[in-house]
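*Asks:* I'll drop the sequence and a predicted model, then ask my questions.
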Amino acid sequence: MTGDVLVVAGAVLHRSRVLLAQRDYPAEVAGLWELPGGKVESGETPTQALIRELCEELDVRVSVGAPLADVVTPREGLKLVAHRARIVSGTPRAVEHRAIAWVDAQRLAELDRNSQIVPNDIGWIRELTAELQVR
Ligand code: CDP
């Protein structure tokens, strides 16, 4: 037991786009875009947590793939990992977010340049942008 909080986020990919979700709260990040996800609860694997979170947040069933290289540690006791994911059933909708959007490499880079990505997720953007460019 470390007491550390592990957050798992999903890079949901389809063709040459990734799904981003726009936060509605808290105020510091409201309006900014993130990879949807949430905390891994006790007894869950990160994969199970991501499946549950994307069901709750997007109302879809996903299969979970390989992690992105960057493990983000914004502060002591908090760690964020992101996994690639694919929708296996359902059509995503913004259950808990303000909006969702499928973005291509160009749009992703633009959101990053304009500081419209939540700070914790910025470390994943370069890898994702490069990956989308070759899909
Ligand atoms: O639903 P749950 O409370 O587990 O998750 P959340 O509130 O959506 O996310 C847990 C924490 O991880 C919050 O502090 C989020 O800001 C953070 N998070 C993040 O920084 N980047 C993401 N892509 C997802 C969550």
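*Replies:* Cool, got the structure.

*Asks:* which ones are touching the residue nearest to V72 when sequence neighbours are not counted?
*Replies:* Spatial nearest neighbour of V72, chain neighbours left out: L80 (4.1 Å); criterion: C-beta to C-beta, 6 or more residues apart in numbering. Heads up, the C-betas are built off the backbone N, CA and C, glycines and all. Applying C-beta atoms under 8 Å, 6 or more residues apart in numbering to L80 gives the contacts 6-9, 71-74, 120-121.

*Asks:* try L111
*Replies:* L111 touches 20, 33, 103, 117, counting by C-beta under 8 Å, 6+ apart.

*Asks:* just put those in JSON lines and tack on distance to the ligand and pLDDT.
*Replies:* Formatted as JSON lines, the contacts of L111 follow (distance: C-beta to the nearest ligand atom, whole Å; pLDDT from 0 to 100):
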{"residue": "L20", "distance to the ligand": "9", "pLDDT": "99"}
{"residue": "W33", "distance to the ligand": "9", "pLDDT": "99"}
{"residue": "V103", "distance to the ligand": "14", "pLDDT": "98"}
{"residue": "I117", "distance to the ligand": "9", "pLDDT": "98"}
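
*Asks:* report pLDDT for the residue nearest to V72.
*Replies:* L80 carries a pLDDT value of 98.

*Asks:* next: the one 4 residues further on.
*Replies:* In the predicted model, R84 carries a pLDDT score of 98.

*Asks:* residues making contact with stretch 65-76?
*Replies:* Residues contacting stretch 65-76 (C-beta under 8 Å, 6+ apart): 11, 79-86, 119-121, 123-124, 127-128.

*Asks:* residues in contact with E53?
*Replies:* 8, 10, 36-38.

*Asks:* where do the strands sit along this structure?
*Replies:* 5-14, 17-22, 33-34, 37-39, 61-67, 72-75, 78-89, 99-103 (DSSP state E).

*Asks:* from what I can see R52 touches E44, true?
*Replies:* Yes: counting by C-beta atoms under 8 Å, R52 does reach E44; the two are 7.3 Å apart.

*Asks:* give me the residue from the chain nearest the ligand.
*Replies:* G38 (2.8 Å; C-beta to the nearest ligand atom).
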